[in-house]
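Q: Take a look and give me a structure for this.
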Amino acid sequence: MGGFARPLLAEIHQDSRRAERRTLSLSTQVSSYEDSTKALIHDLSENGLMIETSAELKPGDSLFVDLPFVGTIEARIVWQKDSSYGCEFIEPVSQATVSAALLRSTPEIPQSRPETVIEELKVGVKPTLEEMTSWEVEFERTKGATGYQLIGFRQTQDGTIIAMVTKTN
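A: Residues are numbered from 1 along each chain as shown. Down below sits the predicted model:
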């Protein structure tokens, strides 16, 4: 056999979270045994949360997070990326606590999206079902393959069928 000391193993990483994380934007107070500072909660579940804070923390540190409905909850930092921290609660919180935080959360402002442009393509004047089907198959084969999506149809007063399409990325 080859000169490998051990077989090649593939690692499968599973997300061990047991509860659904809810996205929110909630200002709160976090404190350690030495210091207290403001933080922003970005997501929350019954088992943990992700915060952003200017405090200098590291994985393994304990901190106390002020949450609506229940007050101060102890958590342990499990990961850090820049000023964001993933934290696991020492004792899980209730779904009611998660709901209370969501109710107090600042609504997220949606990021601006490019404007959807709808194009219109003439299918035919009073086409038969067979002609409509044939047109749609051809559309999917050509324009559909390049990222266009059929949204629907409209009909003019003279019976002309117009397809409404948009380009997807």
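Q: Spatially, which residue comes closest to Pro68, not counting chain neighbours?
A: Ala100 (4.3 Å; CB to CB, 6 or more residues apart in numbering). C-betas here are computed from N, CA, C, even on glycine.
Q: All the helices of the protein, residue numbers only.
A: All helices of the chain, identified by DSSP state H, fall at 95-104, 129-141.
Q: Can you say which of those helices is packed in most?
A: Mean neighbour counts were compared across the helices of the chain using mean count of other CB atoms under 10 Å; the top stretch is helix 95-104, at a mean of 16.
Q: residues in contact with Ile162?
A: Ile162 is in contact with Glu120, Leu121, Lys122, Val123, Phe153, Arg154, Gln155, Thr156, counting by CB atoms under 8 Å, 6 or more residues apart in numbering.
Q: Then Val30?
A: By CB under 8 Å, 6+ apart, the contact set of Val30 is Ser36, Thr37, Lys38, Ala39, Ile51, Thr53, Ala55, Leu63, Phe64, Val65, Asp66.
Q: just these now: which is nearest Thr133?
A: In terms of CB to CB, no member of the contacts of Val30 lies closer to Thr133 than Ile51, at 54.5 Å.
Q: Report pLDDT for the closest residue to that closest one other than its chain neighbours.
A: Of all residues not flanking Ile51 in the chain, Ala39 sits nearest, at 4.4 Å (CB to CB, 6+ apart). Looking at Ala39, its pLDDT stands at 92.
Q: In this structure Ala39 contacts Ser32, no?
A: No - if you go by CB atoms under 8 Å, Ala39 and Ser32 don't touch, sitting 11.5 Å apart.
Q: quick one: which of these two has more around it?
A: Neighbours were counted for Ala39 and for Ser32 using other CB atoms under 10 Å; Ala39 has more, 24 against 15.
Q: buried ones in the helix or strand of the chain with the lowest mean pLDDT?
A: Within the chain, no helix or strand scores below strand 148-155, which has a mean of 84 by mean pLDDT, DSSP states H and E. Buried residues in strand 148-155, counting neighbours by 16 or more other CB atoms under 10 Å, are found at Tyr148, Leu150.
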